[in-house]
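>>> What follows is a predicted structure for the sequence shown.
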Amino acid sequence: MSRLAKMPPIEQDLYACTMCGYCVPVCPAYQEAGWESASPRGRVFAMRQYDLRGPLDRLLRRHVVPGEAFARAAWECTGCGACEEVCPAYIPFDRLWDDVKAWMVESGMGRPALAPYLENVRETRNIYGKPPEERAAWLPPEAVQAETPEVVYWVGCAASYEKQQIARAVVKILNAAKVPYRILGPEEWCSGAPLARMGYEGYVKNALMPHNIQAVAQTGAKALVTACAECYRAFLRDYKDWGENPPFSVYHISHFVEKLVREKRLTFTKPVPTKLAFHDACHMARVAGAYDPPRQALKFVKDLKVLEILPSRDAALCSGAGAGFPDVYPEQAAGVASRRLQAAADTGAATLVTSCPHAEMHFERVAKQRNMQISILDLAEAVAQGL
């Protein structure tokens with residue numbers, strides 16, 4: 001049994017909890033497991049008991065040093081932010097769970113299933129372990145990058161290697177609006193958002209964040225545009241929370257589309273007569289507060305009907321894809337995704353659209369495993385169809 005490192009300064013958050021239980025029913029992990037230990041309240045209770053241990057506990061040989069079950073429960077969390085959304089005590093759970101996972105990693109009780117992601121980023125600067133020189137292999141031959149770009153298009157690991165159609169869709173949008181852009185290629189490293197949710201925020205702060213901010217800033221671009229909800233979250237929120245202030249604006253592609261339309265630089269002319277069920281990506285919606293921009297970007301497309309998956313907006317159910325949850329709790333993660341996919345199918349739409357490539361890939365895997373007849377599309381692809 002490992003001896004835990006010193007608890008991070010989270011006592012104020014732990015004792016702010018009134019044990020009201022509002023967080024319990026909204027937690028996707030609890031919904032699947034049904035055990036209080038899987039809920040935010042259950043984890044807070046366990047940590048408070050650990051913090052309150054004393055000499056009498058040791059004298060009576062009570063189990064006061066948390067073991068494997070305690071550590072594993074730290075990752076029974078999708079990082080969706082639903083608990084923080086409903087907390088009447090305003091406990092910053094989104095940050096708290098990252099700190100708790102980092103505490104477990106520092107104590108030598110990290111999850112073996114997640115260690116390869118950290119090693120991949122250390123060695124290749126992407127979570128998939130793919131060659132860094134191939135990071136820009138998706139770029140069409142006819143693409144022209146600007147010497148003095150207006151924006152840097154931050155592609156992200158998923159669109160660079162696994163979902164390259166997303167990257168090509170973003171370039172199509174930028175080209176249609178005649179936006180001078182540049183991508184960073186091998187100089188674009190993982191934003192670190194997935195790693196931070198897995199317990200490796202120390203590495204992200206010290207190694208990834210400084211490089212990424214500098215790599216974008218030295219292009220001279222005034223803005224960063226990305227189609228990845230997690231990368232958007234990293235630059236908009238995480239880096240600032242960790243003390244950095246990127247010297248450029250940060251846009252998700254949906255925000256940027258709205259800006260381009262408002263400036264009369266982008267016009268949608270091609271009708272797309274279809275129905276799409278829209279899924280709120282947690283890192284963009286609850287965590288970053290961007291509910292309307294994705295919906296507005298889709299509404300610009302002619303004849304495209306956007307349907308709401310219930311529950312939606314701040315009450316939306318997570319995809320189950322984040323924070324290493326599918327690697328540590330695969331069955332629960334699949335259960336969360338399948339419920340969301342069924343809710344999308346219940347709208348009558350044949351396609352679910354989201355702004356998170358990681359959610360898209362998770363949905364696709366689960367839909368295939370469970371033989372669910374629904375297709376998954378990224379928001380950038382859906383928008384690009386209307387140009």
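Arrived safely, thanks for sending.

>>> Residue 160 contacts residue 167, correct?
Yes: using C-beta atoms under 8 Å, residue 160 is in contact with residue 167, at 6.7 Å. C-beta here means a position set from N, CA and C on the backbone, and glycine is covered the same way.

>>> So these two - more neighbours on which side?
Applying other C-beta atoms under 10 Å to residue 160 and residue 167 shows that residue 160 carries more neighbours, namely 28 against 25.

>>> Where in the protein is the helix or strand with the lowest mean pLDDT?
helix 55-59 (a mean of 63; mean pLDDT, DSSP states H and E).

>>> just checking, what packs against the following helix or strand past that helix?
Reading on from helix 55-59 to the C-terminus, the next helix or strand found by DSSP states H and E is helix 68-73. Judged by 3 or more C-beta pairs under 8 Å, 6 or more residues apart in numbering; DSSP states H and E, helix 68-73 is in contact with helix 40-51.

>>> Hmm, residue 69 and residue 109 touching each other?
No: using C-beta under 8 Å, residue 109 is not in contact with residue 69, being 10.7 Å away.

>>> Between those two, which has more neighbouring residues?
residue 109 (22 against 9).

>>> if you skip the residues just before and after it, what's nearest to the more buried one?
Nearest residue to residue 109, sequence neighbours excluded (C-beta to C-beta, 6 or more residues apart in numbering): residue 71, at 3.8 Å.

>>> Show the contacting residues for the one you found.
Contact analysis of residue 71 by C-beta atoms under 8 Å, 6 or more residues apart in numbering lists 104, 107, 109.

>>> before we move on, what about residue 276?
With C-beta under 8 Å, 6+ apart, residue 276 has these contacts: 298, 304-307, 349, 351-353, 377, 382.

>>> how about a cut-off of 10 Å?
Contacts for residue 276 (C-beta atoms under 10 Å, 6 or more residues apart in numbering) come out as 298, 301, 304-307, 344, 347, 349-354, 375, 377, 379, 382.

>>> go on, residue 10?
44, 47, 51, 91-92, 95-96, 99-100, 103.

>>> what secondary structure does residue 202 sit in?
helix (DSSP: H, G, I helix; E, B strand; the rest coil).

>>> Just the endpoints, please. Distance across stretch 30-46?
End-to-end distance of stretch 30-46 (C-alpha to C-alpha, to the nearest Å): 15 Å.

>>> buried set for it?
30-33, 37-46 (16 or more other C-beta atoms under 10 Å).

>>> likewise stretch 235-248?
For stretch 235-248, a neighbour-count test (16+ other C-beta under 10 Å) marks 235-239, 246, 248 as buried.

>>> repeat for stretch 209-220
So stretch 209-220, judged by 16+ other C-beta under 10 Å, has buried residues 209, 212-213, 215-216, 219.

>>> Send me it as CSV with only the CA atoms.
This file holds the C-alpha atoms of stretch 209-220, laid out as CSV (Å, rounded to 0.1, in the frame of the first residue of the first chain):
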residue,chain,number,x,y,z
MET,A,209,1.6,25.2,-21.5
PRO,A,210,4.7,27.4,-21.8
HIS,A,211,5.7,25.9,-25.2
ASN,A,212,2.2,26.2,-26.6
ILE,A,213,1.6,29.8,-25.7
GLN,A,214,5.0,30.8,-27.0
ALA,A,215,4.6,28.8,-30.3
VAL,A,216,1.3,30.7,-31.0
ALA,A,217,2.5,34.1,-29.8
GLN,A,218,5.6,34.1,-31.9
THR,A,219,3.6,33.8,-35.2
GLY,A,220,2.3,37.3,-34.5
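
>>> rewinding a little: ok, of the contacts of residue 276, which come out buried?
298, 301, 304, 306-307, 344, 347, 349, 352-354, 377, 379, 382.

>>> Sketch out the strands for the chain, chain order is fine.
Remark: strands assigned in the chain by DSSP state E are 151-154, 181-182, 223-226, 249-252, 274-279, 304-308, 351-354, 375-378.

>>> Output those strands in JSON lines; the columns should cover mean pLDDT.
JSON lines is the format used below for these (pLDDT from 0 to 100):
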{"stretch": "strand 151-154", "mean pLDDT": "98"}
{"stretch": "strand 181-182", "mean pLDDT": "97"}
{"stretch": "strand 223-226", "mean pLDDT": "98"}
{"stretch": "strand 249-252", "mean pLDDT": "98"}
{"stretch": "strand 274-279", "mean pLDDT": "97"}
{"stretch": "strand 304-308", "mean pLDDT": "97"}
{"stretch": "strand 351-354", "mean pLDDT": "98"}
{"stretch": "strand 375-378", "mean pLDDT": "97"}
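
>>> Dump those strands to CSV, plus distance to residue 189.
Listed next are these as CSV, based on distance: least, C-beta to C-beta, whole Å:
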stretch, distance to residue 189
strand 151-154, 11
strand 181-182, 16
strand 223-226, 14
strand 249-252, 16
strand 274-279, 28
strand 304-308, 34
strand 351-354, 24
strand 375-378, 22
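
>>> Return the residue spatially closest to the most centrally placed residue in the chain, with its sequence-adjacent residues excluded.
Nearest to the mean C-alpha position of the chain, by C-alpha atoms, centre = their mean, lies residue 230 at 3.7 Å. Nearest residue to residue 230, sequence neighbours excluded (C-beta to C-beta, 6+ apart): residue 193, at 3.9 Å.

>>> separation between the one you found and residue 338?
25 Å (C-beta to C-beta, to the nearest Å).

>>> Neighbour count: those two, which is higher?
Each of residue 193 and residue 338 has its neighbours counted (other C-beta under 10 Å); residue 193 has more, 29 against 17.
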